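Trainee: quick one, structure for this:
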Amino acid sequence: QVQLVQSGGGLVQPGGSLRLSCAASETIRSINVVAWYRQAPGKTRQMVAGITSGGDPSYGDFVRGRFTISRDNAKNTVYLQMNDLQPEDTAVYYCNAPVITTVGGKFERDKWGQGTQVTVSS
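Mentor: Got it, this is the predicted structure:
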């Protein structure tokens, strides 16, 4: 089973930046849409950003131009660059791929990364 492996995150001061990465755990054929979600304590999970295989991005309203999602299809990796982070951005961030196509042509569905803590605090 293919997994999504996240990296990045950590503690940053308000106004700071972080970059999250989400990569397949093994060589695969393709990933179509990938999205980042976040969940803060006591709150429901919300969509942060998404990107299609063609690179078309979409963002949650709260992003307000601060975050950028991008992908490197050759590496099957998706990035989330987060700038001007604020305390309300503190949450566990997850990447999700609804469908991954393996080298053998098999579809693996609804894959989630392990989650990465992002804490914004002075």
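Trainee: adjacent strands (with direction) for the lowest-mean-pLDDT helix or strand in the chain?
Mentor: Within the chain, no helix or strand scores below strand 28-31, which has a mean of 90 by mean pLDDT, DSSP states H and E. Within its sheet, strand 28-31 is paired with strand 91-102 (antiparallel), according to DSSP bridges.
Trainee: got the buried residues for the strand it pairs with?
Mentor: For strand 91-102, the neighbour count (16 or more other C-beta atoms under 10 Å) marks 91, 92, 93, 94, 95, 96, 97, 100, 102 as buried. To be clear about C-beta, it is placed using only N, CA and C from the backbone, and glycine gets the same treatment.
Trainee: what about the helix or strand following that strand, average pLDDT?
Mentor: Later in the chain than strand 91-102, the nearest helix or strand by DSSP states H and E is strand 107-112. Throughout strand 107-112, pLDDT has a mean value of 94.
Trainee: show me what strand 107-112 is packed up against.
Mentor: Judged by 3 or more C-beta pairs under 8 Å, 6 or more residues apart in numbering; DSSP states H and E, the packing partners of strand 107-112 are strand 91-102.
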